[in-house]
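Visitor: Sharing a model that was predicted from the sequence below.
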Amino acid sequence: MELLKDLQQRYRQRYPASAALYDEAVAQTPGGVHGNLRHYPPFPLSFKRAEGARMIDVDGYTYTDYFLSYGSLILGHGHPSVREAVEKVWQIQGTSSFGTPHPMESEMVKVLREFYPSFESVRLTNSGLEATLLAVRLALAYTGRTHLAKFQGHYHGSHDQVLLNIHIDPRSREPIPVADSFGLPDYVKEHTVVLPFGDWESCEPLLERHKNHMGAVILEPMMGGYVPAPTGLVQNLRRWTQENNIPLIFDEVKTGFRVSLGGAQEYYGVKPDLTTLGKVVGGGFPIGVVGGKQEILSLCSPLRSQQPLFHSGTYNGNPMSLAAGLATMRQLSQPGYFDTIVENTRKLREGIEQLSEHYRAGWTTLGVGTIFNLVESGEPPLSKASGDGRLRRLQLDYLLMERGVFSKPMNRFSLSGVHEAQDIENTLKAFEQAFAALAYVKP
């Protein structure tokens, strides 16, 4: 604990401009941030510029960026193809938002359906949160039932129906619904079935017990984007939901175009009924996607003879987001491009693990494709860092920032197409220096 205090004191002294901006923000914004996940102690860094795989903070320090706006920027910051595509929107369309249909919407839907065969129909939204909200609403309306099943440890945005049991207790085989925010109505807890992640034998009895009033099951097929569900769990869940005519929702906001170009559903060889996407699909601009079975999505069609399920949004399908997203997907489709990102991710992970073993640091990596995180060696892969592990991870993250590596404390690492061999080498040097500074072994 003393080491952490020392590192935080060095952090305060090193980043006076970020500290001043944070103090100013706290006076006029709750907690000084416009999203709770952006905060970390003693204050978050503020950045003034980014390019490629680099970010520069307001104190002038440069970082190799593995945060990439929560993994959204798989081409890196300001990729030329994305910039060109967005500039063309101004030149050709002349506006950032029509609020009406336009040709690029159909183009985006066609491209998405090529990558995701489960997409018979698609609706565009403005964020992953909006996408999961719509997907759950559609599924419950389709079944006419009231209960949603979700897995503990899985995050699907901050709307009421899914803001429960985000933190995982690997010892619990029958989790009790727990709200992760006050202000949620009791209805949410009373109509949510929380499932243990990773163990079908524990899940099945809970599903069977509640199947008569269960309207949908939602999960991150890879928790947090980097913890893969056991293949047997995914396959059994798909079988069970099909047998009981209960829609299965894959939340692929983090994993879409990251674990593979076809997402986690391509990795597992499983077609969900509904899928939510975000992040990478917008190329750095706000976007969300709900894709899946036409008979479910048609419920929100204004052409229905009965009252439609309502869904709308001023900026849905805006040309800026679609142009940036289409440019990103065209680049990812270039032969070998995505494979190179995967290979660089593998090299970085192997290098970190070798250094950790040498310095007896106690860390390994976990993930698939272009995304991973550090987890404690020997710990169950489904448990998230807590207690001593969280303390050690924070210490490591502060030391990495001092050495020019940024992923936001406690956050996963995402790679891009502009991370090069020299970036990997420099990052591994930073890890080596950090492990040595923590004195896991004597020199």
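Guide: Thanks, I have it.
Visitor: residues touching the most centrally placed residue in the chain, list them.
Guide: Closest to where the C-alpha atoms of the chain average out (Cα atoms, centre = their mean) is K254, at 3.1 Å. Neighbouring residues of K254 by Cβ atoms under 8 Å, 6 or more residues apart in numbering: 70-71, 220, 222, 224-225, 279, 371. For glycine as for every other residue, the C-beta is placed from the backbone atoms N, C-alpha and C.
Visitor: how close does it get to E220?
Guide: For K254, the distance to E220 (Cβ to Cβ, to the nearest Å) stands at 7 Å.
Visitor: same check, this time on S416
Guide: 21 Å.
Visitor: Those two: which has the busier surroundings?
Guide: E220 (25 against 22; other Cβ atoms under 10 Å).
Visitor: Hmm, the more buried one is touching G157, no?
Guide: No - checked against Cβ atoms under 8 Å, the pair E220 and G157 is beyond contact range at 11.2 Å.
Visitor: quick one, strands of the stretch 151-300 of the chain?
Guide: With DSSP state E, counting those that start in this stretch, the ranges of strands along the stretch 151-300 of the chain come out as 192-195, 214-219, 222-223, 227-228, 248-251, 274-277, 288-292.
Visitor: so where is the chain shaky, pLDDT-wise?
Guide: Counting by pLDDT under 70, the chain has low-confidence residues at 170-171, 379-387, 439-443.
Visitor: let's see it at 50
Guide: 385, 441-443 (pLDDT under 50).
Visitor: Residue ranges of each domain in it, please.
Guide: Listed domain ranges for the chain are 2-78+335-437, 81-332 (source: automatic domain parsing).
Visitor: winner for burial among these?
Guide: domain 81-332 (a mean of 19; mean count of other Cβ atoms under 10 Å).
Visitor: which one of the contacts of K254 sits closest to V58?
Guide: Y70 (20.2 Å; Cβ to Cβ).
Visitor: just how off-centre is the helix or strand hosting K48 within its chain?
Guide: Assessed by DSSP states H and E, K48 sits inside strand 47-51. Mean-position distance between strand 47-51 and its chain equals 21 Å (Cα atoms, centre = their mean, to the nearest Å).
Visitor: Next one: I166 relative to R83, how far apart?
Guide: Here I166 is placed at a distance of 36 Å from R83 (Cβ to Cβ).
Visitor: And for F435?
Guide: Separation of F435 from R83 (Cβ to Cβ): 38 Å.
Visitor: go on, I424?
Guide: In this structure, I424 and R83 are 25 Å apart, going by Cβ to Cβ.
Visitor: the longest helix in this structure is where?
Guide: helix 337-358 (DSSP state H).
Visitor: who does whichever helix or strand comes after that one pair up with?
Guide: Using DSSP H and E, the helix or strand that follows helix 337-358 in sequence is strand 363-368. Sheet pairing of strand 363-368 (DSSP bridges) gives strand 371-376 (antiparallel).
Visitor: between the following helix or strand past the strand it pairs with and strand 371-376, how big is the angle?
Guide: Using DSSP H and E, the helix or strand that follows strand 371-376 in sequence is helix 388-402. Angle of helix 388-402 versus strand 371-376, following axes from the mean of the first three to the mean of the last three Cα atoms, to 10 degrees, is 130 degrees.
Visitor: Understood, closing this out.
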